[in-house]
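Chemist: how would this look folded up:
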Amino acid sequence: MLTELCAELKNYFLKDATEDIHYNTYTIADSSMESLPFLQNGQYFRIVGSVFNDGVYQYPAVGLADETFTGSIWAMAVPPAVVALAAEIDAWNDKNADTLASPYTSESFGGYSYTKASGNSAGGSGGYTWRDQFASRLSKWRRLSVL
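Modeler: Prediction:
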């Protein structure tokens, strides 16, 4: 969820883009990232330019697809509140999975009636999404552009 959340916010929590974006050729072997001296244990980072692994991870990342790629690693300084919010969004999505998957906003039985979702939300489905549910809490971290 952190990958999707950062993309939605257009914020990868870089302190200084000139120092925090490291362009090079990187190797992922045995499902883990090579040693990256510019990252600390537990720090979040973004992979950009990979065929299989683009996204946000926590260092040291494991479970990645093996590859060698030329791209960049972004050293991130994600606030704990954003990490907690991502977990809360995950829990909300899990709790509301059936409702989110339904094309209807309401149903009733007996005299059967339904109300179809309308509008065009950020999720593109026309229904209520985590973006709507958490909009007020996301706004303080939202940026106009990624860099």
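Chemist: By residue count, which helix of this protein is the longest?
Modeler: Ranked by residue count and defined by DSSP state H, the top helix of the chain is helix 80-95.
Chemist: This protein: helices as residue ranges?
Modeler: All helices of the chain, identified by DSSP H, fall at 2-9, 17-20, 80-95, 97-101, 130-133, 135-138.
Chemist: Mean neighbour count, those helices: which tops it?
Modeler: helix 2-9 (a mean of 18; mean count of other CB atoms under 10 Å). From N, CA and C alone the C-beta is placed, and that goes for glycine too.
Chemist: could you check the angle helix 80-95 makes with that helix?
Modeler: Angle of helix 2-9 versus helix 80-95, following axes from the mean of the first three to the mean of the last three CA atoms, to 10 degrees, is 110 degrees.
Chemist: Run through who's touching helix 2-9.
Modeler: 12-13, 44, 46, 55-56, 78, 82-83, 85-86, 89, 122, 131, 138, 141-143 (CB atoms under 8 Å, 6 or more residues apart in numbering).
Chemist: quick one on the thing from earlier: now mean pLDDT and distance to Thr68 too, for the helices of the chain, in CSV please.
Modeler: Below are the helices of the chain laid out as CSV (pLDDT from 0 to 100; distance: least, CB to CB, whole Å):
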stretch, mean pLDDT, distance to Thr68
helix 2-9, 97, 21
helix 17-20, 95, 22
helix 80-95, 96, 29
helix 97-101, 75, 37
helix 130-133, 93, 35
helix 135-138, 95, 36
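Chemist: what's the closest of those helices to Ala61?
Modeler: helix 2-9 (12.1 Å; CB to CB).
Chemist: Keeping just the C-alphas, turn the closest one into CSV.
Modeler: This file holds the C-alpha atoms of helix 2-9, laid out as CSV (Å, rounded to 0.1, in the frame of the first residue of the first chain):
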residue,chain,number,x,y,z
LEU,A,2,2.9,2.4,0.6
THR,A,3,3.8,2.3,-3.1
GLU,A,4,0.3,3.2,-4.1
LEU,A,5,0.0,5.8,-1.3
CYS,A,6,3.2,7.6,-2.2
ALA,A,7,2.1,7.7,-5.9
GLU,A,8,-1.3,9.1,-4.9
LEU,A,9,0.4,11.8,-2.8
